[in-house]
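In: Sequence first, then the predicted structure, then my questions.
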Amino acid sequence: MTLDPDARRWLDRAAELGLPPLWQLSAEEVRRQSRAGLAAGGAAEEVHHLRDDSISGVGVRLYRPRPELDLPVLVYCHGGGWVTGDLETMHAPLTILANRSGWEIVSVDYRLAPEHPFPAGLDDCVAVARSLIAQGRRVAVGGDSAGANLAAGAALTLAPDLLAQVLIYPVLDRNLKTSSYREFESGYGLTRRDMERYWSDYAGPEPPDPLATPLRTPELGHLPPSLVFSAECDVLREDGDVYARRLEQAGVDVTWKCWTGMIHGFIRLESMSCRSEALQAVADFLISRT
């Protein structure tokens with residue numbers, strides 16, 4: 001493993017700030033720190049139609065890249081350990097993705113833990129996707145990190161009615177003893193102790209419901225075509241890689257890539273030279289499902 005130079009520079013700059021570890025912070029402190037880092041996402045692109053709205057009582061942001069009203073829709077769930085994040089978290093990357101793919105994107109402002117633990121966030125994402133399906137829209141689900149966990153749970157719930165799922169460095173199990181957790185336990189951004197805290201806030205001390213841990217689902221063959229991205233230098237790498245292999249073994253059409261030398265969160269960071277390539281790969285996957 002060789003850490004990508006862009007990732008190394010980002011980690012060095014973050015270390016220079018001397019911020020306390022996320023696992024030591026309250027939920028509100030984590031949220032403030034997350035909001036302070038929004039500039040790392042870079043400038044947003046102009047989109048033909050952009051507005052905040054609600055679907056089934058859940059706040060959403062709509063990105064429509066063209067005037068047509070019948071575009072396929074990606075229901076997108078942002079990352080943030082189920083504890084932090086909002087409609088601004090992935091705003092810039094989603095404008096780029098909408099323009100490149102030609103898909104409408106509906107970003108979901110789902111309820112956050114610990115105030116709203118499992119299954120609140122998942123219920124919100126499912127409700128938005130289900131409402132769009134009921135309107136006759138062509139729908140895929142997607143997300144990054146904890147948002148990819150919600151997307152995977154939504155796909156398991158709605159699979160027969162979905163065009164695809166997009167899982168970007170997903171968290172899919174509560175097993176914190178995998179080789180990637182051991183190898184990248186600390187010093188690479190997201191840490192094992194961060195994930196311990198996030199799981200505790202989201203699912204409590206009890207064994208989580210299977211929809212919170214999609215990797216434990218025994219049958220995956222009914223799932224739609226899937227894109228799975230993992231980052232090589234990420235505690236969550238094995239979650240994505242193992243899930244992609246299991247999808248393949250179940251006969252699901254899978255597009256799968258582990259991004260060499262990358263750290264968790266890279267697709268949100270403008271300073272990562274591979275971000276444009278990764279967003280284009282997601283766009284190409286969506287175009288292939290239109």
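Out: Here it is on my side, so go on. In this text, all values refer to a predicted model and were calculated from it rather than measured experimentally.
In: Point out where this protein drops to low pLDDT.
Out: For the chain, no stretch has pLDDT under 70.
In: which residues in it form helices?
Out: Ranges of helices within the chain are 5-17, 27-36, 91-101, 120-134, 146-158, 179-183, 192-203, 237-249, 275-288, based on DSSP state H.
In: out of these, which comes closest to Ile263?
Out: Smallest distance to Ile263 across the helices of the chain (C-beta to C-beta): 4.6 Å, for helix 5-17. (Glycine included, C-beta is placed from N, CA and C.)
In: picking up where we left off before, single out the most deeply packed of the helices of the chain.
Out: Of the helices of the chain, the one with the most neighbours on average (mean count of other C-beta atoms under 10 Å) is helix 146-158, at a mean of 27.
In: okay, that helix in CSV with CA atoms only?
Out: Written as CSV, here are the backbone C-alpha positions of helix 146-158 (Å, rounded to 0.1, in the frame of the first residue of the first chain):
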residue,chain,number,x,y,z
ALA,A,146,-23.0,5.9,6.3
GLY,A,147,-25.2,7.3,3.5
ALA,A,148,-24.2,4.2,1.4
ASN,A,149,-25.3,2.1,4.3
LEU,A,150,-28.7,3.7,4.1
ALA,A,151,-28.8,3.3,0.3
ALA,A,152,-27.9,-0.4,0.7
GLY,A,153,-30.7,-0.9,3.2
ALA,A,154,-33.1,1.0,0.9
ALA,A,155,-32.0,-1.3,-2.0
LEU,A,156,-32.7,-4.4,0.1
THR,A,157,-36.2,-3.0,0.9
LEU,A,158,-37.1,-1.8,-2.6
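In: now that helix against helix 237-249, angle please.
Out: 30 degrees (axes from the mean of the first three to the mean of the last three C-alpha atoms, to 10 degrees).
In: Would you mind giving the orientation angle of helix 146-158 with respect to helix 120-134?
Out: 50 degrees.
In: quick revisit: make a markdown table from the helices of the chain and add distance to Arg268 to it.
Out: A markdown table is the format used below for the helices of the chain (distance: least, C-beta to C-beta, whole Å):
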| stretch | distance to Arg268 |
| --- | --- |
| helix 5-17 | 11 |
| helix 27-36 | 11 |
| helix 91-101 | 6 |
| helix 120-134 | 18 |
| helix 146-158 | 11 |
| helix 179-183 | 20 |
| helix 192-203 | 16 |
| helix 237-249 | 16 |
| helix 275-288 | 8 |
